[in-house]
Structure formats: structure tokens, C-alpha cells
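coordinates for the following, if possible.
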Amino acid sequence: MRVLALDTALQRCSVAIADGDNVLAWRALDMERGHAEHLAPMTAAALDEAGLRVGDLARIGVVAGPGGFTGVRLAVSFARGLAIGHSIDVVGVTSLTAVAQNALQADQDALIAAVIDARRNQVYASLVHGRRVLVPPFVDNPAAAIARLEAAAGDSKAISVIGSGAEFITSLRPRWVRSTAGDQIDARCVAQLAAMAPVPTEPVAPIYLRAPDAKPPTGPNLIQSSSS
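A predicted model of the protein is given here:
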């Protein structure tokens with residue numbers, strides 16, 4: 001199955017094309033901003049390297065969040081736009097499952113707490129055991145997140161923590177192991193996850209979990225322009 005994977009949810013713009021276990025093309029740029037300027041050219045370059053057109057793809061996998069509001073919306077909209085006019089399934093992959101996949105490359109049976117810094121003293125978190133999602137993505141403060149993850153982990157003590165918010169957790173639970181597998185999403189892993197996903201039954205939609213940080217100004221201090 002030829003899969004195009006797209007990610008702009010966090011501090012990276014990443015594109016990959018895979019056919020089974022064979023990675024045909026891969027592009028990745030670490031960045032805080034500017035995803036919109038790079039996603040389309042990187043996708044075009046990856047397709048060119050793989051010798052494919054959009055219509056040759058069987059599936060598009062996209063990181064649907066949680067993450068940066070603009071980045072999540074960008075990748076999901078771009079993926080859905082590419083699929084228009086083609087018989088291509090678009091599959092959403094959560095950012096937390098994708099991050100956890102970095103650690104699972106070394107141990108497919110590991111118990112992984114994926115934790116991403118959500119700012120405002122909050123984290124996005126999820127718990128996976130191999131391919132099973134024990135706790136789906138949620139947002140909460142670190143202490144509450146730990147309580148929820150511990151309740152799902154049960155008696156297991158071998159919990160590995162990965163992601164940009166891992167230190168918030170390990171500072172409170174030093175016995176949990178900090179993974180060194182890398183905190184950024186790898187589109188090659190997204191392609192693997194998308195290929196294994198069931199056929200989607202509805203259009204992929206962004207996963208936000210909370211309102212965006214930036215909000216339009218309101219109230220009496222809003223300056224409105226007038227025409228003469």
C-alpha cells in the first residue's frame with residue numbers, strides 16, 4: 001500500500017511516502033513557524049523522488065492533533081484537498097500515538113506514556129501498550145495527568161515517558177523512565193500507523209482538545225475602521 005504521511009502538528013514539518021516497509025521518500029524540517037510555506041513543496045519533492053503522482057497513492061495519513069492549532073488545521077486541510085478527485089482514504093493519526101511510535105520501534109510491547117507540552121501548565125497525554133491505546137489523548141495539568149495514566153497502567157511499574165512534556169511527568173515520578181528515542185514526530189512512523197489503520201468511516205477532522213491560545217480581540221477597545 002502506497003501511503004503519503006503528513007505532519008505539521010508540532011515543531012516540525014515532515015512528509016514521507018512508504019510502500020509497505022519500504023520508505024520511498026522522506027523530508028523533515030524542524031521549525032517553530034512556517035509550516036504552510038514548506039508543506040506543499042516538500043510533498044511535491046517527495047512525490048517526485050518516489051516517482052509517483054497523487055493518484056498513485058492508496059492512502060494519506062495525517063497527524064490530526066492535538067498540537068498547534070494552525071499546524072493541525074493546515075495538514076488536515078491539505079490532506080483532504082489532495083484526496084479530492086481521487087479514490088484515496090485519508091486517515092488521521094494522533095500526535096501522541098505518533099510520538100509513542102518512536103519508542104515502540106525498539107520495543108513493540110512497551111508501555112509508553114506520550115506527553116506533549118500544551119503550555120498553560122498543561123500537557124497533552126496518552127498511554128499506549130504496543131499497538132493498543134489504553135488512554136486516548138487528553139489535556140490536563142501534569143499531576144492530574146499522572147493520576148489518570150497511573151490508574152490505567154495498573155500494577156505496571158515499567159512506564160517509559162516520551163515527548164516534549166516528559167520532564168513535567170518525570171519530575172513528579174522519577175521512577176518512570178525518560179525515553180531517549182526522540183520527541184519529534186517522524187512521518188515515516190505516521191505512514192506505518194496509517195497503513196495499519198482500519199478503513200475510515202468518516203472524514204478526518206482536527207483534534208484540538210481545547211480552544212486555541214490566540215483569540216480575536218473583543219470589547220470596547222476593538223478599533224474598527226470606517227470608510228469615508
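
need the CA coordinates for stretch 57-69. PDB is fine.
Extracted in PDB, the C-alpha atoms of stretch 57-69 (Å, rounded to 0.1, in the frame of the first residue of the first chain):
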ATOM      1  CA  LEU A  57      -1.500   6.700  -3.600                       C
ATOM      2  CA  ALA A  58      -3.800   4.400  -1.800                       C
ATOM      3  CA  ARG A  59      -3.900   6.300   1.400                       C
ATOM      4  CA  ILE A  60      -2.900   9.600   3.100                       C
ATOM      5  CA  GLY A  61      -2.000   9.600   6.700                       C
ATOM      6  CA  VAL A  62      -2.100  12.900   8.500                       C
ATOM      7  CA  VAL A  63      -1.300  13.900  12.100                       C
ATOM      8  CA  ALA A  64      -4.700  15.400  13.200                       C
ATOM      9  CA  GLY A  65      -3.600  16.600  16.600                       C
ATOM     10  CA  PRO A  66      -3.500  17.600  19.300                       C
ATOM     11  CA  GLY A  67      -0.900  20.200  18.800                       C
ATOM     12  CA  GLY A  68      -0.500  23.700  17.400                       C
ATOM     13  CA  PHE A  69      -3.900  24.900  16.300                       C
END
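
centre-most residue in this structure?
S95 (2.2 Å; CA atoms, centre = their mean).

isn't that residue up against V62?
No. Counting by CB atoms under 8 Å, S95 does not reach V62; the two are 10.6 Å apart. Heads up, the C-betas are built off the backbone N, CA and C, glycines and all.

what helix or strand is L209 located in?
Using DSSP states H and E, L209 sits in no helix or strand.

got a list of what it touches?
Contact partners of L209, counting by CB atoms under 8 Å, 6 or more residues apart in numbering, are 65-66, 118, 124, 137-139.

okay if I get the residues you listed as a markdown table plus pLDDT?
Output for these, formatted as a markdown table (pLDDT from 0 to 100):
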| residue | pLDDT |
| --- | --- |
| G65 | 97 |
| P66 | 97 |
| A118 | 97 |
| Y124 | 98 |
| P137 | 97 |
| F138 | 98 |
| V139 | 98 |
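
in strands, which of the residues you listed fall?
Among those, DSSP state E puts 65, 118, 124, 137-139 in strands.

residues contacting L29?
12-14, 38, 42 are the contacts of L29 under CB under 8 Å, 6+ apart.

hmm, try it at 10 Å
L29 makes contact with 11-15, 35, 38-39, 42, according to CB atoms under 10 Å, 6 or more residues apart in numbering.

in helices only, show me the residues you listed.
Counting by DSSP state H, the part of the contacts of L29 found in helices is 35, 38-39, 42.

can you tell me the closest non-neighbouring residue to D140?
The shortest distance from D140 to any non-neighbouring residue, by CB to CB, 6 or more residues apart in numbering, is to Q122 (6.3 Å).
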